[in-house]
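S.K.: Structure for this input, please:
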Amino acid sequence: MAVPERPYKIPESVLVVIHTAALDVLLIRRADAGTWQSVTGSKDHPDESFWDTAVREVREETGIDALHPQCSLQDWALENVYDIYPAWRWRYPPDVSRNTERVFGLRVPEGTPVLLSPHEHTACQWLPWRRAADTVFSPSNAEAILMLPRMHKGQP
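M.R.: Sure thing, here's the model as predicted:
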């Protein structure tokens, strides 16, 4: 019996900066590359909204329920378009070289437990926002974290 081919990734993704009211930021270490990042992930299907993708990816990667009443998920209405790293292009259709990433913030209560997906991430840490921005691998992730104080002011 033939093994079905894994479908290509959709070049539309989310970046979710998870933080506390004190602006401590959750970072997770990628299992494949060993780099630190916020929650990221692609849409599962073209009709999945960025909002639904953010909620799903947060739950899959951290075990956190972004819709819990004590959490506040905010669409920052910001999209980054960037070249997909050559090392990851094989995951996308052959004619795709750029990805659109929608940015969200998720405020969670201090002490929120994190349950990592072990095949995706090996460790997590909470860092003050400036240190978190210096720690992440991705420039768009660092830029989003640096926007946190300004974006957080608009959260209830």
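
S.K.: What ranges does the chain have for its strands?
M.R.: With DSSP state E as the criterion, the chain has strands at 12-19, 24-30, 36-37, 39-42, 72-83, 98-107, 121-128.

S.K.: Which among the ones you listed is found nearest to residue 136?
M.R.: The closest of the strands of the chain to residue 136 is strand 36-37. By C-beta to C-beta, the value is 5.3 Å. Heads up, the C-betas are built off the backbone N, CA and C, glycines and all.

S.K.: Distance of residue 116 relative to residue 147?
M.R.: 25 Å (C-beta to C-beta, to the nearest Å).

S.K.: Point out where the protein drops to low pLDDT.
M.R.: 1-6, 154-156 (pLDDT under 70).

S.K.: ok, residue 50 touching residue 10?
M.R.: No: counting by C-beta atoms under 8 Å, residue 50 does not reach residue 10; the two are 11.3 Å apart.

S.K.: can you list residues touching both of those two?
M.R.: residue 43 (C-beta atoms under 8 Å, 6 or more residues apart in numbering).

S.K.: Do I have it right that residue 81 meets residue 100?
M.R.: Yes: using C-beta under 8 Å, residue 81 makes contact with residue 100 at a distance of 5.2 Å.
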